[in-house]
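# Could you work out the structure for the sequence below:
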Amino acid sequence: MHVTAGALQFRAGPAAYADIKKRGFAIERIGTLAGASGGAKWLVLSQLDRVLVERVLPGLAGPVHLVGSSIGAWRFACYAQAEPLAAIERFERAYLEQSYSERPDSDEITRKSEAILEEMLGRTGAAEAVAHPHCRLHIMTVLCGRLTASDRRWRLASGLLLAAAANLVSRPALGRFFSRALFFDQRDLPPFYNAGGFPLAHVPLTAANLPKAVLASGAIPLVLNGVRDIPGA
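As a prediction, the model looks like this:
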């Protein structure tokens, strides 16, 4: 099913469409929200986020699995805080007010990202996110293999070029360069816990490792530094 309503598009597969047609659509039946990567386009999505956290989140029966990568992980780390709207506003303000030197390197960009994340989470945001009564936050990251686990630009660039070439030949060959690491809420295992396709490591999400997990999820190679020594991982 594909329905267009104004600026929004609603899509549903055959099974979901049949179920909605039979039982209707109700907020309390939502079980998973997925947030994809996408960088600065979140400045548009942040307006949608405001609507969702004010009108949808309060109606969720839970547990509801929030799974995000890159900017999706940052957004859902806001959703899972005790005051999600305030978290979104802190995040947006810090993001828009960031400034850099004329030629910033990855160290400078990483430090700025850490400062934005600290502002977004505040003193208690990480603890609130892993203890939310209804939301279960899960963060998808990429674990680099031997050829790509370096912050030396020449070595990392070479590894990325080899990975791109391998992907042209066979997508499963990417597993030789990267694997996935899922930081998951231990209270309820998500339906995608055993997702296939690529090697998948599982790391329990805690207040101690949440900030680094969020940062790692959006650490663009050659732009930000890789995140090392994540507690529990």
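# Stretch 18-36: which residues count as buried?
For stretch 18-36, burial by neighbour count (16 or more other C-beta atoms under 10 Å) applies to I30, L33, G35. No exception for glycine: its C-beta is placed from N, CA and C like everyone else's.
# wait, which of these is closest to G62?
Nearest to G62 out of those is I30 (C-beta to C-beta; 9.5 Å).
# Make sure that closest one is actually in contact with V64.
Yes: applying C-beta atoms under 8 Å, one finds I30 in contact with V64, separated by 6.0 Å.
# Now do the shared contacts for the two.
Between them, I30 and V64 share no contacting residue under C-beta atoms under 8 Å, 6 or more residues apart in numbering.
# what's the pLDDT at A5?
Note for A5: predicted pLDDT of 64.
# same question but for P14, I mixed them up
In this model, P14 is scored at 93, pLDDT.
# And the average pLDDT for the helix or strand containing H202 is what?
Element membership of H202, judged by DSSP states H and E, is strand 200-204. Taken as a whole, strand 200-204 has an average pLDDT of 93.
# And stretch 121-130, by the same measure?
97.
# again with stretch 48-65
Stretch 48-65 shows an average pLDDT of 90 in the prediction.
# quick one, strands of this protein?
Here the chain has its strands, by DSSP state E, at 2-5, 8-11, 32-35, 64-69, 135-144, 178-184, 200-204.
# Mind listing the strands the second one pairs with, and their directions?
Right, the one you point to is strand 8-11. Strand pairing for strand 8-11, using DSSP bridges, gives strand 2-5 (antiparallel).
# what's the spacing between A216 and S99?
Distance, A216 to S99, by C-beta to C-beta, to the nearest Å: 24 Å.
# Can you point out the buried residues in stretch 94-113?
A94, Y95, S106, I109, T110, K112, S113.
# Can you measure across it, start residue to end residue?
Stretch 94-113 has its terminal residues 10 Å apart, counting by C-alpha to C-alpha, to the nearest Å.
# Please compute how far that stretch lies from its chain's middle.
Chain-centre distance of stretch 94-113: 20 Å, with C-alpha atoms, centre = their mean, to the nearest Å.
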